[in-house]
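Enquirer: please find the sequence and the predicted model below.
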Amino acid sequence: MELQKPPAGTPEQQPARQAPEGCLVVAIRLPVRIVVLVLVLPLRMVWDALVVGGRFLNDTVLRPVGRALLWTARVLLVWPCVALWRYVVVPLGGALTRLGHVLVAVPLTWLYRHALTPLGHALAWLARYLVVVPARWLYASVLTPVGRAVAWCAKGLLRGVGLIATGVGICLYWVLRVLLVLPALALWRWVLTPVGRLLAVVGREVGQALGHAWRVAGRLSLAVGRVLATLFRWIFVEPVRWFHRTVLTPVGHVVRDIVLRPAAEAARSVGRAARTALASARESVRQARADFRRMLFGEPPEPVEAVDRREPAGRAARTLGSSTTALTKD
């Protein structure tokens, strides 16, 4: 089995050729892939078995139980909550809203419009003359000159401190560059970079080996699963099917022809006889009720035939073109 397959397709569809790999990469790849395949194969088989068991459990247990719980929750929680919201909370909220508008909003609006607004206007003109005007004069006449003097002094002080800090910073920069940056740069360039490249090659090969081993283990697990399914079929399913086809089916036919069909015919005959007896009993009861009514109330009066008072139709009807009518005609 090849561990690395060449890319398929035409030369135009093939990706660009990679740079030639070194002997270190080739020497690391084969042992790593073999070890990873040995370690990954049991895990992949266990994973496939868990996946199959999980699907079976989901289809046979979890999904029906979930649907039943969802329907139960809908019946016990959602529908009562919806009914409570629709028929209790919403009408009660509307009533409380209207009551709050009448008892709170309208009085507060009246209070704000006729009491608080005039009082606020009066306080605003009073605060302007007692606070704003004196504070503006104090700011323009006292605080502004003092602030400018303090700002000029602080500006000079900050400029001196900035010059001192700049000199100290330059000294610290060169000290740190000589003592830390240059050694760290040499360590990064001559030690960490080669080691990192080696670890990157090893990590890349381990990752590729894991992917390759996972795919190979999946094929092996699929083959083992098919073998187990075939064995289960020939050991359990086929004998059960043969027993059902050669034993249970003839026995069922015999039981159907000898026992079930005669029993069904007898049941249908009994049913027909019972229906006939019930019909006769109903007819007897109906006749007895009719005789009892005649005995108590007598025979019902015969209906009077309605007299046809319309004029005769056809040739016996009255004609407009002759003087003979239907009453005087012979």
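Expert: Right, received. Where do you want to start? Numbers count the residues shown, from 1 in each chain.

Enquirer: flag the shaky bits of the protein, pLDDT-wise.
Expert: Residue ranges of the chain with pLDDT under 70: 1-27, 297-330.

Enquirer: can you pull up the most central residue in it?
Expert: By CA atoms, centre = their mean, the mean C-alpha position of the chain lies nearest to L70, the distance being 12.3 Å.

Enquirer: export the strand or helix carrying it as CSV, just CAs?
Expert: Taking DSSP states H and E as the definition, one finds L70 inside helix 63-73. C-alpha atoms of helix 63-73 as CSV (Å, rounded to 0.1, in the frame of the first residue of the first chain):
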residue,chain,number,x,y,z
ARG,A,63,-35.9,11.1,18.7
PRO,A,64,-39.2,9.4,19.7
VAL,A,65,-38.6,10.4,23.4
GLY,A,66,-37.7,13.9,22.3
ARG,A,67,-40.9,14.3,20.2
ALA,A,68,-43.0,12.9,23.1
LEU,A,69,-41.3,15.4,25.5
LEU,A,70,-41.8,18.2,23.1
TRP,A,71,-45.5,17.4,22.7
THR,A,72,-45.9,17.1,26.4
ALA,A,73,-44.1,20.4,27.1
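
Enquirer: after that helix, next one along is what?
Expert: helix 79-84.

Enquirer: in the longest helix anywhere in the chain, what's buried?
Expert: The longest helix of the chain (DSSP state H) is helix 193-232. Neighbour counts over helix 193-232 (16 or more other CB atoms under 10 Å) mark 201, 205-206, 208-210, 212-214, 216-218, 221 as buried. Quick note: C-beta positions are derived from backbone N, CA and C, even for glycine.

Enquirer: make a markdown table from these and add distance to W47 to it.
Expert: Below are those laid out as a markdown table (distance: CB to CB, whole Å):
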| residue | distance to W47 |
| --- | --- |
| V201 | 28 |
| E205 | 23 |
| V206 | 19 |
| Q208 | 20 |
| A209 | 18 |
| L210 | 13 |
| H212 | 16 |
| A213 | 13 |
| W214 | 9 |
| V216 | 14 |
| A217 | 9 |
| G218 | 9 |
| S221 | 8 |
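
Enquirer: which strands and helices sit next to the strand or helix carrying G54?
Expert: In the assignment (DSSP H and E), G54 maps to helix 23-57. Secondary-structure packing of helix 23-57 (3 or more CB pairs under 8 Å, 6 or more residues apart in numbering; DSSP states H and E): helix 193-232.

Enquirer: what's the angle from the helix it packs on to helix 23-57?
Expert: Counting by axes from the mean of the first three to the mean of the last three CA atoms, to 10 degrees, helix 193-232 lies at 40 degrees to helix 23-57.
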